[in-house]
Structure formats: structure tokens, C-alpha cells
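> Here is my input, please return the structure:
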Amino acid sequence: MAHTARRLDDARMQQYIRNGYISFKTDLPPDFHTQVRQRLDEVFAKEGNPGNNLLPRVPAIQRVFDDPQIHGALQSILGPNYYLHPHRHCHFNTPGSEGQNMHKDSWSKRHHRTRWGMAFYYPQDTPVELGPTGIIPGSHYHNGDPAEDLPGEVPLTGEAGTVVLVHYDLWHRAMPNSTERPRYMVKFLFTRLQEPNGPSWDTAGADWPAEDDPRQAMWQSMWDWHRGKSGPALNGGAIDDLHSKSESLALQTAYRLDAKAIPALIDLLAAADPAIRRNAGYALTALGEAAVPALVAACADAPKRAQATDALGDIGPGARAAIPTLTGLLTDTSAAVRRSATDALGTVGADDPTLAEALAPGLADADEWISRNAALALLRLGSRAEPAIDDLVAALDSDNRYVSAKAAQTLKRIETPIARDALLDYLFTTHWCSMTSAASTF
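This is a model prediction of the structure:
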């Protein structure tokens, strides 16, 4: 990882919050990107798509993310110790393709606060006719029709070396490729490990600008969260609008409600319509600590429990009072509740070393998302995960590649001799040779 960083300023950070993406051009020379594209041509021709082995197959790509402005932007958006997730993929848009439909990626948690992000890197010049990624600005806040009240599709065109950082929930697609040339787009996934306790960009201390836009309260809430502050800019709202068929209106309302709405919002956590449940969750998350006692009480009510634990996790450290309740829910009979509780403890209690032993059994849970959430929660604990070393070492051999990778990264963060030796033994045993292929086996 680079040791230098050119972080975003207030204006660029606000641009990201509004639109859900921000574009850059690396400082790397043109011949670097030509060499990356040529290497991708070779790998695809001989072996097909390398999938998660993309980086060891083309290790030069790491230089893109070590670029000072890319590294700085990732720090600005995801915090100083963000995690390069083991999932990555090279999207190959074939000549003459019809493109894709607009979609969110499959791991979407449908949260607005930025804990997950993606980077799209083009190793070749990518005009619109080559089939770039198309996005809808601002659509990372929407779960339904992304065209409602939003601008149309924007093609992410650019010269070789263009990198676009996007919120994980931004609606996007591969656009049609009308040329006779293939288009590569290298996608990497990044995860926040530390909840904001202050701005992680180069701020001048600016407030969110006053704008005549109905999304103002939502943007203000995101700005405050990134600055480590609590509470949205409240200016009133009618709770019945959370039921609106207009998702835009429902979202705007969620961020305008004040604490008097908490009892009614808690009731909506059991609504039959999942959209209404999510909208109530956004409102309770925005209200922060004021909503925590009611959310803890809602955890005793089975129809509300999964949504309540999810909202507590989205609130983060402001919900520390919920740690005993969330810990107790790690053994709930509902897998959905256990998933939410496990994930929530990673954001609510990442500074609590007593949680390591409670989270450790989840690494071996038969439910894939419980084990993955437990691995991420322990990774967020960092050195505080030391009591779980034995379970983390066992998880290195997990059948789930993401549990294994996060366990390895957690052992690195623990930094004790026992953790270091276990990690090195595993890495030397499983070392993957980037030069070995079907065409060259020895």
C-alpha cells in the first residue's frame, strides 16, 4: 500500500455523497496501462477470466491502487485503514455485446452509509461505443426504480488509467459494445474497518451547503456521519409518507423525522412491505442514539428483531448500549437475526475486546453469511481479536474463501508472534505461483 495520499477536499467529498461516484485519472504513464491490457489479453486467451486470482495473475494492477490520489480517495471515503477485499473481477465486455440491465451487485446490504465501495479501472481508452459502465447518479440511495426523480444514465467513459470509485449500492450496468474490440473493466471491492470519528479527507471544516433540494436532509445526515457527528438536519416530515409509492418522497421523509416519531417507526419495523421496513430503519438510523433504547426493546419482539438489529448495526458506536442484547442474539433461532447481530457487533463494538470470544464460534457457522459476517466483525476488532486466535487459525482452512481471507488479515492485524507464525505458515503452504499456468506447469 502506498505511503502517500492525496485526499479529497470538501467539494469532492460532497460530490461523492450526492452522486455515489467520483472519477480520477491515475498518474501512471500510458505505457503502463497498455502493458496491463496486453497482459489481460494473454491471460484471457490462455486461461479465461482469472476471477479472484486477478491480482496475482496481473500484479502490476496493485500500482493503480497505490497511486496517491486513488489511495487518498479511498481513505477519504472509507477511512484510513480500509480493507482491500479478496473479491475482485475483470469484467470483459465482448465485441458486439448488448450490455446488461441496471442492477445492484448481489451482496448489497441496502445501507446508505458508506462501509462498502468499489473501484472500476479501465486499462484502455473507453469511449461510449466500447461499452463502458453506465451508472445512475444518486441511485445508491434507492432500492426500487432507479429512474424515479433521478437523472438518466451516465456512461463512465475515460482514457486508459481512468478509475471510478463508487458506493457499493449504486445502480450500474455494462453498456452495449458496438465495436469489434473487447473492453476490460477491472473491479475491486473495498470495505471500511473503522467507523468515522472525524473527517478522513482534507477538510476546511465546511458545513453542507444550503440547497433548495428535497434530498438536503439525507445528504446532511451522510455528511455528518462521515464527520463523526450524530444526528441529521431535521426540518419536519409526515411519517405516513414512508408508505408512499414514491421512494424519493419516502427517503426524504425518513431523514426529516424527529425523535417524536420513534414509537411509530418501531411499529413499522414489522410492516409487511419490506420497503416500509427499510424506510423505517433509515429513519431510526438517522436519529442515532435517541432511537437505541426503543430498538433494544424491539429486539424482544420476534417480528421486529432482524430489522431492529440491522438498524442498531447501522447506527454504529452510538448504539454501544445494545452490545449485551446483540451478543445474546448471536444464538437466536433465526438465521436472519444471527446474521444481523453478528454484523452489527462489528460496527457497534469494534473497540470492545470482550466480543472476540462471542464472535469466534460464528466463523464455523453453517450459514455462509453468519460466518462471513463473523470474519468481518473480528477483522474490525483488529488486535482486540487476539482471544479468538485459535478459531481464526482454524478458519484459515474454511471452505469459504472470504472467511479464510479475512481470518488471515485479522491474524496480520493482531500482530502477536503466535498470530504471525500461524499466518506465515498458512501463506507459505498455500502460496499460489503467479507464473504457473496450463501452458507452463513447471
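
> Beta-bridge partners for residue 174, please?
Note on residue 174: beta-bridge partners residue 133, judged by DSSP bridges.

> and what of residue 119?
residue 165, residue 188.

> what pLDDT, on average, does the longest helix that the chain contains get?
Within the chain, and with DSSP state H defining each element, the longest helix by residue count is helix 30-47. For helix 30-47, mean pLDDT is 96.

> Repeat that for stretch 359-367.
In the prediction, stretch 359-367 has an average pLDDT of 97.

> Of all the residues in it, which ones are buried?
359-360, 362-363, 365 (16 or more other Cβ atoms under 10 Å). To be clear about C-beta, it is placed using only N, CA and C from the backbone, and glycine gets the same treatment.

> Repeat that for stretch 330-350.
330, 332, 336-350.

> can you check stretch 391-406 too?
For stretch 391-406, the neighbour count (16+ other Cβ under 10 Å) marks 391-393, 395-396, 398, 400, 402-406 as buried.

> Can you give the distance of it from its chain's centre?
From the chain centre to the centre of stretch 391-406 is a distance of 20 Å (Cα atoms, centre = their mean, to the nearest Å).

> Tell me, how many residues neighbour the residue nearest to residue 39 when sequence neighbours are not counted?
Among residues not flanking residue 39 along the chain, residue 58 sits closest, at 5.0 Å (Cβ to Cβ, 6 or more residues apart in numbering). By other Cβ atoms under 10 Å, the residues close to residue 58 number 21.

> follow-up on the earlier one: considering the buried residues of stretch 359-367, which is situated nearest to residue 90?
residue 363 (29.5 Å; Cβ to Cβ).

> Tell me the pLDDT of the residue nearest to that closest one when sequence neighbours are not counted.
Leaving aside its sequence neighbours, residue 363 sits nearest to residue 395 (Cβ to Cβ, 6+ apart; 4.3 Å). pLDDT for residue 395: 97.

> what sits against residue 395?
Each residue near residue 395 by Cβ atoms under 8 Å, 6 or more residues apart in numbering is listed here: 363-364, 371, 375, 403-404, 407.

> okay if I get these as TSV plus distance to residue 321 and secondary structure?
As requested, the contacts of residue 395 are arranged in TSV below (distance: Cβ to Cβ, whole Å; DSSP: H, G, I helix; E, B strand; the rest coil):
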residue	distance to residue 321	secondary structure
363	26	helix
364	29	helix
371	27	helix
375	25	helix
403	29	helix
404	34	helix
407	29	helix
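
> farthest-separated two in these?
So, those by Cβ to Cβ: farthest apart are 364 and 404, at 11.8 Å.

> okay, and the common contacts of the two?
What both residue 364 and residue 404 touch, as defined by Cβ under 8 Å, 6+ apart, is the set 395, 398.

> which residue is nearest the middle of the chain?
residue 116 (0.9 Å; Cα atoms, centre = their mean).

> Near the nearest residue to residue 51 once chain neighbours are set aside, how many other residues are there?
Take residue 51 and drop its neighbours on the chain: the residue closest to it by Cβ to Cβ, 6+ apart is residue 89, 6.2 Å away. Residue 89 is flanked by 15 other residues according to other Cβ under 10 Å.

> Ok, residue 412 next?
Neighbours of residue 412 (other Cβ under 10 Å): 15.

> in what helix or strand does residue 410 lie?
helix 401-414 (DSSP states H and E).

> buried sites along the following helix or strand past that helix?
Of the helices and strands lying after helix 401-414 in sequence (DSSP H and E), the nearest is helix 417-429. Buried residues in helix 417-429, counting neighbours by 16+ other Cβ under 10 Å, are found at 419, 422-423, 426.

> TSV for these, including distance to residue 387?
Formatted as TSV, the buried residues of helix 417-429 follow (distance: Cβ to Cβ, whole Å):
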residue	distance to residue 387
419	11
422	15
423	17
426	19
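
> I'd like those residues as CSV, with distance to residue 198 and pLDDT appended.
Listed next are the buried residues of helix 417-429 as CSV, based on distance: Cβ to Cβ, whole Å; pLDDT from 0 to 100:
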residue, distance to residue 198, pLDDT
419, 29, 95
422, 34, 94
423, 31, 94
426, 36, 93
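
> how close does the nearest residue to residue 372 once chain neighbours are set aside get to residue 165?
Distances taken as Cβ to Cβ, 6+ apart place residue 402 nearest to residue 372, at 5.4 Å, with adjacent residues excluded. Applying Cβ to Cβ, to the nearest Å, the value for residue 402 to residue 165 is 21 Å.

> The lengthiest strand in the chain vs helix 30-47, what angle?
Counting residues, the longest strand found in the chain (DSSP state E) is strand 83-93. Here strand 83-93 runs at an angle of 70 degrees relative to helix 30-47 (axes from the mean of the first three to the mean of the last three Cα atoms, to 10 degrees).

> Now for residue 379, which secondary structure element holds it?
helix 368-381.

> Please name every helix or strand in contact with that helix.
For helix 368-381, the packing partners by 3 or more Cβ pairs under 8 Å, 6 or more residues apart in numbering; DSSP states H and E come out as helix 335-348, helix 355-359, helix 389-395, helix 401-414.

> what about dumping the CA coordinates of the second one to CSV?
I take that to be helix 355-359. Extracted in CSV, the C-alpha atoms of helix 355-359 (Å, rounded to 0.1, in the frame of the first residue of the first chain):
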residue,chain,number,x,y,z
LEU,A,355,-16.6,-9.5,21.9
ALA,A,356,-13.9,-11.7,20.3
GLU,A,357,-14.8,-14.9,22.2
ALA,A,358,-18.5,-14.3,21.5
LEU,A,359,-18.0,-13.8,17.8
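
> who's in contact with stretch 225-243?
Contacts for stretch 225-243 (Cβ under 8 Å, 6+ apart): 13, 17, 113-114, 196-200, 203, 208, 216-218, 220-221, 224, 249-250, 252-258, 261, 264-265, 268, 273, 276, 279-280, 283, 286-289, 318.
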